[in-house]
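Engineer: Structure for this input, please:
(one chain, ligands or ions: 1)
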Amino acid sequence: MAKAFASAGDMDDKTVSFTEIGEGLYAFTAEGDPNTGVIIGDESVMIVEAQATPRLARKVIECVRSVTDKPISHLVMTHYHAVRVLGASAYGAPEIIMSDVARAMVAERGQEDWDSEFERFPRLFQGHEEIPGLTWPTTTFSEGMSVYLGKRRVDIMHLGRAHTAGDAVIWVPDQEVMFSGDIVEYHSACYCGDGHFTDWEDTLAAIASFEPKSIAPGRGDALVGEEKVAEAIANTADFVASTYKPAARVVARGGTLKEAWDAVRAECDPKFKDYAIYEHCLPFNVARAYDEAQGIDTPRVWTAARDKEMWAALQG
Ligand SMILES: [Zn+2]
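Structural biologist: A predicted model of the protein is given here:
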């Protein structure tokens, strides 16, 4: 029997955890669904990642209100993906921060990505009727910027390409805690369909060089303590390399996409089969690895139609 497309077969609600990962810092996680970070300053709150819909964002706000009454003043998006950004309207009118590359990706492929992710994640997009449109930043940065939430400084930085070309990480120096977006995942597959495999490892090394005490990853449980952080970074690096290297070997000998698919599966299934969204991500990851190994630097735009065509060719 053919597998349900992407995450269309995953309709069961996930259990939410709201974990303190430093003083005044929280990770909203939900068993491999997209995470959100919370940074409480002296007068106001910064949210990292908006969620897919205003409905999901309100679940985050409910958790925030269990720990603080301060207003939400800032919303940072680590990248342009629909499941991260389209819930933004629930937070009122905060300052919305993205890298300039992420903003360019909203302009170039934001609508296509929305249409495509809508079909990939029907559960996350329940209540989508409320989404007012694409989410645009009010502030952008190139390499990095600092926001002062009163005395608390928050550094927002682009450390290199990885999950997308415009990835940002958020660093809270007073607690040495990082919000990594989808550059780091924990027991969840990395989505590499818009990724840059050969840069990803260096970007992970750049994150590790901060020696974070905790990380809120893009998906999966909060990583509290240096041991957990190191484990997740190593697992993520292994996932990315185990996807790219077999595909690149197939490309080097002139093999087909289907051969790359078989080679990546042989390498990844034994290690990552039980990771969240593994089967969902695999065809997109192989398709992108195959392109990158052929020298295609800019990931091709995914559309709802291209999604289905590729799924039928590989997972069908
Ligand atoms: Zn993403």
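
Engineer: Any regions of the stretch 1-150 of the chain where pLDDT drops low?
Structural biologist: In the predicted model of the stretch 1-150 of the chain, residues 1-2 satisfy pLDDT under 70.

Engineer: swap the cut-off to 90 and go again
Structural biologist: Scanning the stretch 1-150 of the chain for pLDDT under 90 picks out 1-13.

Engineer: from it, which residue is nearest to the ion?
Structural biologist: His81 (3.5 Å; C-beta to the ion). For glycine as for every other residue, the C-beta is placed from the backbone atoms N, C-alpha and C.

Engineer: Spatially, what comes nearest to the residue of the stretch 101-250 of the chain found nearest the ion if we skip its sequence neighbours?
Structural biologist: Per C-beta to the ion, Asp182 is where the stretch 101-250 of the chain lies closest to the ion, at 4.4 Å. Nearest residue to Asp182, sequence neighbours excluded (C-beta to C-beta, 6 or more residues apart in numbering): Gly218, at 3.4 Å.

Engineer: Pull the contacting residues for the residue of the stretch 1-150 of the chain closest to the ion.
Structural biologist: 113, 117, 164, 182, 194 (C-beta atoms under 8 Å, 6 or more residues apart in numbering).

Engineer: can you check Ala189 too?
Structural biologist: Residues near Ala189 by C-beta under 8 Å, 6+ apart: 239, 272, 275-278, 280-282, 285.

Engineer: switch the cut-off to 6 Å
Structural biologist: Applying C-beta atoms under 6 Å, 6 or more residues apart in numbering, we find Ala189 in contact with 275, 277-278, 281.

Engineer: same for the ion: which of those are within range?
Structural biologist: For the ion, no contacts are drawn from those by C-beta under 5 Å from the ion.

Engineer: Please produce a markdown table containing the residues you listed, extended by secondary structure and neighbour count.
Structural biologist: Shown next, in a markdown table, are the contacts of Ala189 (DSSP: H, G, I helix; E, B strand; the rest coil; neighbours: other C-beta atoms under 10 Å):
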| residue | secondary structure | neighbour count |
| --- | --- | --- |
| Tyr275 | coil | 21 |
| Ile277 | coil | 20 |
| Tyr278 | helix | 19 |
| Cys281 | helix | 25 |
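
Engineer: Make TSV out of these and add pLDDT.
Structural biologist: Compiled in TSV, the contacts of Ala189 are given as follows (pLDDT from 0 to 100):
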residue	pLDDT
Tyr275	96
Ile277	94
Tyr278	96
Cys281	95
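
Engineer: could you redo those as a markdown table and give each row distance to Pro246?
Structural biologist: A markdown table is the format used below for the contacts of Ala189 (distance: C-beta to C-beta, whole Å):
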| residue | distance to Pro246 |
| --- | --- |
| Tyr275 | 17 |
| Ile277 | 20 |
| Tyr278 | 16 |
| Cys281 | 15 |
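
Engineer: next SSE after the biggest strand by length in the chain?
Structural biologist: Scanning the chain for the longest strand, with DSSP state E as the assignment, gives strand 33-40. For strand 33-40, the succeeding helix or strand toward the C-terminus, using DSSP states H and E, is strand 45-48.

Engineer: What is that next one packed up against?
Structural biologist: Contacts defined by 3 or more C-beta pairs under 6 Å, 6 or more residues apart in numbering; DSSP states H and E place strand 45-48 against strand 72-76.

Engineer: Direction included, what does the strand it packs on pair up with?
Structural biologist: Its sheet considered, strand 72-76 pairs with strand 45-48 (parallel), strand 95-99 (parallel) by DSSP bridges.

Engineer: Would you enumerate the residues in contact with Met98?
Structural biologist: Contacts of Met98 by C-beta under 6 Å, 6+ apart are 77, 137, 140.

Engineer: Specify the local secondary structure of the spatially closest residue to it that is not a sequence neighbour.
Structural biologist: Closest residue in space to Met98, ignoring its immediate chain neighbours: Pro137 at 4.0 Å, by C-beta to C-beta, 6+ apart. Following DSSP: H, G, I helix; E, B strand; the rest coil, the label given to Pro137 is coil.
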